[in-house]
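A.B. asks: the following comprises the amino acid sequence and a computationally predicted model.
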Amino acid sequence: MTPSDLVLTPAGVRFMGRLLPCTIGTGGLSGDKREGDGATPVGIHRIAGMLYRPDRLRRPAPWAEPIGPQDLWSDDASHSSYNHHIRAPYGFSHEKLRRADPLYDLVLITDWNWPDAIPGKGSAIFIHQWRRPGYPTEGCLAFSRSDLHWLAGRVQIGTRVIVPGLAAA
């Protein structure tokens, strides 16, 4: 592990000499992630992209991509676009990336089950803003708005996100 890795610990995520409070999935940690289980997958993941709402904030990094009204993320394991960024119209199960609440104003995409998705192994494992401290996600890692923005200014494509196994976390 290096200081430039995001490492989940029982007290939060360690990154660049800081410890940032975060929340994980309502299903805890899982070494056998499944679609809809609410668990955060253990393993070594990497940052694969960044999305942001240009109507709500400035571009957080030169490589960040804007979220528009038609942007979605497929969570339909029966479709070939499963666990990929797609655009409306899309007649299969999906998440809207442009939400009324601020949770997805800034999203770091991880490479969990991406780009070659295995149907049913879980989708949309993001790093995003939390609802409030301690409130779990559906499997993502979530941070306060200020900590998320601090992270976004420092991570790169390929930054490792280390989620230790059940005994370590």
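C.D. replies: Right, received. Where do you want to start?

A.B. asks: please make it C-alpha for all contacts and neighbour counts, starting now.
C.D. replies: Noted.

A.B. asks: my read: residue 32 touches residue 41, true?
C.D. replies: Yes - the pair residue 32 / residue 41 is scored as a contact, 7.3 Å apart, by C-alpha atoms under 8 Å.

A.B. asks: the more surrounded of those two?
C.D. replies: Comparing residue 32 with residue 41 by other C-alpha atoms under 10 Å, the one with more neighbours is residue 41, at 28 against 12.

A.B. asks: just the pLDDT for the more buried one.
C.D. replies: On pLDDT, residue 41 comes in at 98.

A.B. asks: quickly list what the residue most central in space within the chain is bridged to.
C.D. replies: Compute the mean C-alpha point of the chain, and by C-alpha atoms, centre = their mean the closest residue is residue 126, 0.9 Å away. Listed by DSSP bridges, the beta-bridge partners for residue 126 are residue 109.

A.B. asks: mind checking pLDDT for it?
C.D. replies: On the pLDDT scale, residue 126 gets 98.

A.B. asks: mind listing what it touches?
C.D. replies: 107, 108, 109, 110, 140, 141 (C-alpha atoms under 8 Å, 6 or more residues apart in numbering).

A.B. asks: burial check on the first one, number of neighbours?
C.D. replies: Just to be clear, that refers to residue 107. Close neighbours of residue 107, defined as other C-alpha under 10 Å, add up to 25.

A.B. asks: quick one: which helix or strand includes it?
C.D. replies: Per DSSP states H and E: residue 107 is located in strand 106-110.

A.B. asks: packing partners for the lengthiest strand in the chain?
C.D. replies: The strand spanning the most residues in the chain, taking DSSP state E as the definition, is strand 43-52. Secondary-structure packing of strand 43-52 (3 or more C-alpha pairs under 8 Å, 6 or more residues apart in numbering; DSSP states H and E): strand 65-66, strand 106-110, strand 160-163.

A.B. asks: mind giving me the packing neighbours of the longest one?
C.D. replies: Counting by 3+ C-alpha pairs under 8 Å, 6+ apart, the packing neighbours recorded for strand 106-110 are strand 43-52, strand 126-129, helix 145-152.

A.B. asks: what residues does it touch?
C.D. replies: Residues contacting strand 106-110 (C-alpha under 8 Å, 6+ apart): 45-53, 124-129, 148-149, 152.
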